[in-house]
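# Give me a model of this one.
(chains A and B)
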Amino acid sequence: MLHPLALPEIIEKVGSFLAWRHAPDITAIVKPSDLASCVRVNRIWHQTLTPLIWTVFRDDVAAEWGIPADSAASLTKHVRFAYLSQGSQLIPIHSTKLRHLTLGHQDRMWDALNLVCTNKQLARLEWLAPFSSTHSPDKNLVRFALSTVTSLTSLALDCWRNSFLDDVIAIAQSNPDLQSLALGSLINLKVQHITNPQLLFNLTELRLESHWGLNTGIEFLVRLCPRLSTLWFRADSTCPYSALALNLAECCPVVASLKCVEGAKDAQSRNVMCTNDGVMCLVQAPHFLIHLEIPVKHLTYDMCDALLDQHASSLKSIRFYIQSADEEDFFCVNEILSRCLNLTSFALNDSDGDDCGMDIWKQAWRAEDICSMLVIPWNCSKLKTLQLTGASPMCYLEDDYPDEGYFGFDSSDEKDEHDASDGQDHQGSISEITTQDMDVDTDSQWTFDIVMENGELKDDQKGSIMSDKYKVYDPFMDIDPTPSELAFDIVLQLLETDSKHMFLGAFSDWLECLGWSLQTDVEMCELAIKKDHKHLLIELFECVATMPVMDQIVMGGVKVVKTC
Amino acid sequence: MPVTLTSLDDVKFTVDKDVAERSILIKNMIEDVGESDSPIPLPNVSSAVLKKVIEYCEHHRNDPVQVQDETDDPRKRSNDIEEWDMKFMAVDQEMLFEIILAANYLDIKPLLDVGCKTVANIIKGKTPEEIRKTFNIVNDFTPEEEAQIKKENEWAEDR
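As a prediction, this is how the structure comes out:
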């Protein structure tokens, strides 16, 4: 039998899965040590796999890894993806077959010009800061270099100063396959009379990150993109919302994604927020909006109506960064979740950083406000992920329960706690709390009296436990409660009686019965659920349990994922 | 419409057309010949291997056609093997190699990828000598060549 590992095409394919470890984060790069072993196996392996070691080159790691410059120089001809961000030229790149090129340092201008001019087949080019305040090469040289590339599908220009919009358009037009154009941190881009406004037919993604006030008229670019589907824009108070909306409405019939370029931290630190009028103007421009991601100070009813009246049936993902949230914001969220039937992802991020929502120590939204999102039944049956990063149900035990001591938690402790009780009845009715403290829909009446003795429910009390949503144990009907119902009962019991972190454990058990897993470390004994968030969590997860495809919820330090 | 495939050892396999056409080679042959009841000969593939290949194609019959973009950053390539495929590829080395050769010949890219990923996973963490021993590969370097190559690539080794 022919040995497949003697065939170059097979060797190369095997090597391609060893070349670079899957690194979602560009900073998490791993040495190609397995390839280094492979190239020493035999001659055909060496010949076939050596180019793979050099496919991706980053000069910031070259020095760190001690790549010898003399022997490497000849091997850089194999580089296909080059990221050059360092000032000094440790290893000159001699490749003429680059596919991606990122140029990030001003002092490497001649290297940059040379590489661009000798790689006409470049598919992706990111050119950062060729023109800085201290370094301004002849613009004609840069223009010439860019005119030599005609196969770009993606172009990103950053920190360009004192340029002309028609230069940018000319570069884009000379690359007919260009799909993505990003203009970041431009300064003083002049918009003169556009001499040859040819349309950019293949451009589907446009990213306008520059300060609008310093680049007046840049929104004109939108008019040249008839197939634009995604617009990223800098959402600040200087954004020409009306002009942008008009251009989108008139010239971009298929635009479906509007996204701001800032994340939560930037939105807060740079005070970058869409104005309400701006949002209403923009969201009405597309014919059908599918993805929306914007920072706003507050969600308002007007904004919500403007968005949903036109796009409720098409929206699939929404992310709002908001400065602060009150009841009105969450009523708007409720409206969205009840009207957007095709929604698969919803996130409400507070603009205080932490896009992941796992920071449990931030200032939290009020539980009673958050409950406003549960008033109207949700109809977004396709919802998969829900993120409320400003909701922080967790607290230190001592913060919310200052009179209680420290207890280690495990299930035997819970039993011991009950057994060691002084036999006093623990009675509680949550109906009053439901109506008064939460002020939510009171149609669902949870009324029960729990009487316990030695950790067991009294026989004559078992039948009295009722819930609109759960038909629990009724000895007269001789129906055994399900594990979920039993777990839920414990949760309710601990709602009022629990003054420690055991609620978290019971809540976790209940979630497990529903097929969910609490990712928060239940055994971090110093943590507890805030008292005012307990009802919210119960209400929220009862609602979520009915969502057929939901698989992840993040609320502050509480992350719940579906397990079955 | 079913298609009949004949293996190297003259064993006939009847499969649905859409399953057979997971092989680009077979797909092109069907297009060239047109509608026909004649079996398609596959002289490079034994019946044991063809049976495995058909099993793979039937399981993946509804998968979308893969399109690999050469401009994609290789760092974004996934090395994950889904569970079914992992169990499918739990075979001895001889069968693994035959599947790879068959997938290459029949031009079934996803199967070739899975086979090569499996080999790559076997290679991970091994020294050159261990790799040779595992796959029965002869070292044809001179000592000087081997030393030179080792020196050139020392930087890439894990420390």
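# Pull the number of nearby residues for the residue lying closest to A:Leu113 once chain neighbours are set aside.
Leaving out its chain neighbours, the residue that sits closest to A:Leu113 by Cβ to Cβ, 6 or more residues apart in numbering or on different chains is A:Ala145, at 4.8 Å. Where you see a C-beta, it was placed from the backbone N, CA and C, and this is true even at glycine. A:Ala145: 21 surrounding residues under other Cβ atoms under 10 Å in any protein chain shown.
# what do you get for A:Ser508?
A:Ser508, neighbours per other Cβ under 10 Å, totals 18.
# wait, isn't it in contact with A:Leu518?
Yes: using Cβ atoms under 8 Å, A:Ser508 is in contact with A:Leu518, at 4.2 Å.
# returning to that earlier point: wait, the residue nearest to A:Leu113 sits on A:Asn119?
No: using Cβ under 8 Å, A:Ala145 makes no contact with A:Asn119, being 10.2 Å away.
# Find the residues that touch each one of those two.
Listed as contacting both A:Ala145 and A:Asn119 by Cβ atoms under 8 Å, 6 or more residues apart in numbering or on different chains is no residue at all.
# For chain B, which segments count as strands?
B:2-6, B:12-16, B:40-41 (DSSP state E).
# Of those, flag the one that's most buried.
strand B:2-6 (a mean of 18; mean count of other Cβ atoms under 10 Å in any protein chain shown).
# where does the residue of chain B most remote from its centre sit relative to B:Lys151, distance-wise?
Most distant from the centre of chain B: B:Glu144, at 34.4 Å, with distances by Cα atoms, centre = their mean. As judged by Cβ to Cβ, to the nearest Å, B:Glu144 and B:Lys151 stand 11 Å apart.
# B:Gly125 contacts A:Cys38, correct?
No: using Cβ under 8 Å, B:Gly125 makes no contact with A:Cys38, being 11.9 Å away.
# B:Glu82: how many residues sit nearby?
Neighbours of B:Glu82 under the rule other Cβ under 10 Å: 10.
# Quick check, pLDDT for the closest residue to A:Gln519 other than its chain neighbours.
Nearest non-adjacent residue to A:Gln519, counting by Cβ to Cβ, 6+ apart: A:Lys559, 4.0 Å away. Note on A:Lys559: pLDDT of 83.
# Where do the helices of chain B begin and end?
For chain B, the helices defined by DSSP state H cover B:17-20, B:24-33, B:47-59, B:83-88, B:93-106, B:109-123, B:128-135, B:143-152.
# tell me which residues of the second one are tucked away?
Buried residues in helix B:24-33, counting neighbours by 16 or more other Cβ atoms under 10 Å in any protein chain shown, are found at B:25-27, B:29-30.
# Packing partners of that helix?
strand B:2-6, helix B:17-20, strand B:40-41, helix B:93-106 (3 or more Cβ pairs under 8 Å, 6 or more residues apart in numbering or on different chains; DSSP states H and E).
# From the chain's centroid, how far away is it?
Chain-centre distance of helix B:24-33: 19 Å, with Cα atoms, centre = their mean, to the nearest Å.
# Report the buried residues of stretch A:210-223.
A:210-212, A:215, A:218-223.
# what's the answer for stretch A:138-146, then?
For stretch A:138-146, by 16+ other Cβ under 10 Å, it's A:139, A:142, A:145-146.
# Could you do stretch A:335-347 as well?
A:335-340, A:343-347.
# rewinding a little: can you tell which of the helices of chain B is closest to A:Ala156?
Closest of the helices of chain B to A:Ala156 is helix B:109-123, at 30.5 Å (criterion: Cβ to Cβ).
# Okay, angle between the helix or strand where A:Thr48 lies and helix B:143-152 too, please.
A:Thr48 belongs to helix A:43-53 when assigned by DSSP states H and E. Here helix A:43-53 runs at an angle of 10 degrees relative to helix B:143-152 (axes from the mean of the first three to the mean of the last three Cα atoms, to 10 degrees).
# now what about the helix or strand where the residue nearest to A:Gln519 lies, what contacts it?
A:Lys559 is located in strand A:558-562, with elements delineated by DSSP H and E. With Cβ under 8 Å, 6+ apart as the test, strand A:558-562 has contacts from A:357-358, A:393-394, A:511, A:515-520, A:529, A:537, A:541, A:544, A:550-554.
# Point me to the residue of the stretch 351-500 of chain A nearest chain B.
A:Lys384 (19.9 Å; Cβ to the nearest Cβ).
# That residue: what's it in contact with?
So A:Lys384 contacts A:344-345, A:549-552 (Cβ under 8 Å, 6+ apart).
# would a markdown table of the buried residues of stretch A:335-347 with pLDDT be doable?
Shown next, in a markdown table, are the buried residues of stretch A:335-347 (pLDDT from 0 to 100):
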| residue | pLDDT |
| --- | --- |
| A:Glu335 | 96 |
| A:Ile336 | 97 |
| A:Leu337 | 96 |
| A:Ser338 | 96 |
| A:Arg339 | 96 |
| A:Cys340 | 96 |
| A:Leu343 | 96 |
| A:Thr344 | 96 |
| A:Ser345 | 95 |
| A:Phe346 | 96 |
| A:Ala347 | 93 |
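# Looking at these, which one is closest to chain B?
A:Thr344 (19.3 Å).
# That closest one touches A:Leu386, doesn't it?
No: proximity of A:Thr344 to A:Leu386 does not meet the contact threshold set by Cβ under 8 Å, at 10.4 Å.
# from the buried residues of stretch A:210-223, which is closest to chain B?
Distances from chain B to these, taken by Cβ to the nearest Cβ, are shortest for A:Leu221, at 23.6 Å.
# name the element the closest residue in space to the closest one that isn't next to it in sequence belongs to?
Leaving aside its chain neighbours, A:Leu221 sits nearest to A:Leu206 (6.5 Å; criterion: Cβ to Cβ, 6+ apart). A:Leu206 is located in strand A:205-208, with elements delineated by DSSP H and E.
# Can you list the strands that the following helix or strand past that strand pairs with?
Note on strand A:205-208: by DSSP H and E, the next helix or strand toward the C-terminus is strand A:230-233. Partners of strand A:230-233 in the sheet, by DSSP bridges, are strand A:205-208 (parallel), strand A:257-260 (parallel).
# Output these in CSV; the columns should cover mean neighbour count.
Converted to CSV, those look like this (neighbours: other Cβ atoms under 10 Å in any protein chain shown):
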stretch, mean neighbour count
strand A:205-208, 20
strand A:257-260, 22
